[in-house]
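Trainee: Let me see the structure of the following:
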Amino acid sequence: MLPAKHGRTLTRVYERPTPADIRWEEMESLLRASGVEVVERSGSRVGLSKGSERIVMHRPHPRPTIGRATVRDIAAFLKVVGVEP
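Mentor: Residues are numbered from 1 along each chain as shown. Here you go, the predicted structure:
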């Protein structure tokens, strides 16, 4: 069971239309609380892994908010690893 703050972020990740105002810090906190390993890679790349599933994406910059396409990619990853609201 995730804390309420993470639960709200997780619910927003699955919203349609996809939100474009989720901050990276909120997402990273949610991912770590869900048991996802967040690994810094070269440049602005970040690797996410849980079990045998892996995905690589770019951390947003210079703005702190995640783009819609990245939110959709993270939602698909979370669904595959069994993290849903």
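Trainee: need the helices for this protein, in chain order.
Mentor: 4-13, 24-33, 68-80 (DSSP state H).
Trainee: Let me have those helices in CSV, extended by distance to residue 58.
Mentor: Every residue, glycine included, has its C-beta placed from N, CA and C. Output for those, formatted as CSV (distance: least, CB to CB, whole Å):
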stretch, distance to residue 58
helix 4-13, 17
helix 24-33, 10
helix 68-80, 7
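Trainee: Out of those helices, flag the one nearest residue 44.
Mentor: helix 24-33 (10.3 Å; CB to CB).
Trainee: Buried residues, that closest one. List them.
Mentor: With burial defined by 16 or more other CB atoms under 10 Å, the residues of helix 24-33 counted as buried are 24, 26-31, 33.
Trainee: TSV please, covering those and showing pLDDT and distance to residue 4.
Mentor: As requested, those are exported to TSV (pLDDT from 0 to 100; distance: CB to CB, whole Å):
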residue	pLDDT	distance to residue 4
24	96	20
26	95	13
27	96	16
28	96	18
29	96	13
30	96	12
31	97	17
33	95	11
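Trainee: wait, isn't residue 78 in contact with residue 11?
Mentor: No. The pair residue 78 / residue 11 is not scored as a contact, 11.7 Å apart, by CB atoms under 8 Å.
Trainee: So between the two, which is more surrounded?
Mentor: In this view residue 78 and residue 11 are compared by other CB atoms under 10 Å, and residue 78 has more residues nearby, 23 against 11.
Trainee: ok so, going back, so which of the buried residues of helix 24-33 comes closest to residue 65?
Mentor: Nearest to residue 65 among the buried residues of helix 24-33: residue 24, at 7.4 Å, using CB to CB.
Trainee: ok, now how distant is the closest one from residue 35?
Mentor: For residue 24, the distance to residue 35 (CB to CB, to the nearest Å) stands at 19 Å.
Trainee: Next: residue 83.
Mentor: From residue 83 to residue 35 the distance is 8 Å (CB to CB).
Trainee: shared neighbours of the two, which are they?
Mentor: The contact sets of residue 83 and residue 35 overlap at residue 50 (CB atoms under 8 Å, 6 or more residues apart in numbering).
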